[in-house]
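Asker: Sequence and predicted structure are below.
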Amino acid sequence: MSDVHVFPTFDALSRSASQHIAAHIQTVLRENDTYALALAGGSTPERTYELLASGFPSIAWERVHIFWGDERFVPSSSARSNERMARRTLLSKIDVPFANVHPIPTDAGSPSVAADRYNDHLRTVFADRDHTFDLTILGIGDDGHTASLFPGTRPDATDADKTGLPDGRLVRAVEAPAIYDIRDRVTCTYRALNASTEVVFLASGADKQQAVARARAGDPDVPAAHISPRHRLTWFLDPGAAGEEA
């Protein structure tokens, strides 16, 4: 199931996204002991994270586990770190236990070692459930990439098999195209992302319009088009990203 929502401003988009995510957390925690939330990097989700941190005191953050969909292979103190951005905008403002935060280990010796460690960690954490994350937040680049899955990284047969989790990697080390300043990345695979119960895409700006349109149309050359979670995929767009007049 896929839904598309277009909002007149970026702030309205962010407010609605934060409300949607908060409601999903509260709904799942009524039936389950814990909740697994995977965060995106980049600038688009920052406002959503700030609103989640300040506007929903009723969220039982002590029962929420935080993960990341991808990470640049930089120290967590780097201004380019997805972990650092999330700690600044969200984690430093909520009462989430230290043990509930699961960053990608960029202090490992190499991206491949970090990917192996996070892959093993996710398999351990999710060993007793039929899905990975309860909700994954994703962005989309103007080239159609999502997380650190870039054009040319279509799902292989193993990643595309969503019938279960026993085979195939959940995390890989990848190299971004040469146009990106930080090429070494660690990313969750299509298998891991598509084993989420729900995925929320956040996209803002006219530079994203073509990529969003191609992803929604199912263009196989656009990585974001291969995202198909178990239950629901929801797009939160502003007029620029949607190709509409404000």
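Answerer: Yes, it's here.
Asker: so how far is R87 from the closest residue in space to F56 that isn't next to it in sequence?
Answerer: Of all residues not flanking F56 in the chain, A22 sits nearest, at 4.3 Å (C-beta to C-beta, 6 or more residues apart in numbering). Every residue, glycine included, has its C-beta placed from N, CA and C. Noted for A22: a distance of 19 Å to R87, by C-beta to C-beta, to the nearest Å.
Asker: Check G152 and give its pLDDT.
Answerer: If you check G152, the pLDDT there is 83.
Asker: Any figure for the gap between it and P223?
Answerer: 9 Å.
Asker: which one of those two has more residues nearby?
Answerer: Shown here are G152 and P223; by other C-beta atoms under 10 Å, P223 has more neighbours (26 against 9).
Asker: need the contact list for the closest residue in space to the more buried one that isn't next to it in sequence.
Answerer: Excluding the flanking residues, the one nearest P223 by C-beta to C-beta, 6+ apart is L149, at 4.2 Å. For L149, the contacting residues are 70, 174, 187, 189-190, 223, 226, by C-beta atoms under 8 Å, 6 or more residues apart in numbering.
Asker: And the pLDDT for L149?
Answerer: Predicted confidence (pLDDT) at L149: the value is 96.
Asker: Quickly find the element holding D3.
Answerer: Using DSSP states H and E, D3 maps to strand 2-6.
Asker: Now do that strand: which elements does it pack against?
Answerer: strand 232-237, helix 239-242 (3 or more C-beta pairs under 8 Å, 6 or more residues apart in numbering; DSSP states H and E).
Asker: got the ones you listed as CSV, with mean pLDDT columns?
Answerer: Below are the helices and strands packed on strand 2-6 laid out as CSV (pLDDT from 0 to 100):
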stretch, mean pLDDT
strand 232-237, 98
helix 239-242, 97
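Asker: For D120, find the nearest of the ones you listed.
Answerer: strand 232-237 (27.7 Å; C-beta to C-beta).
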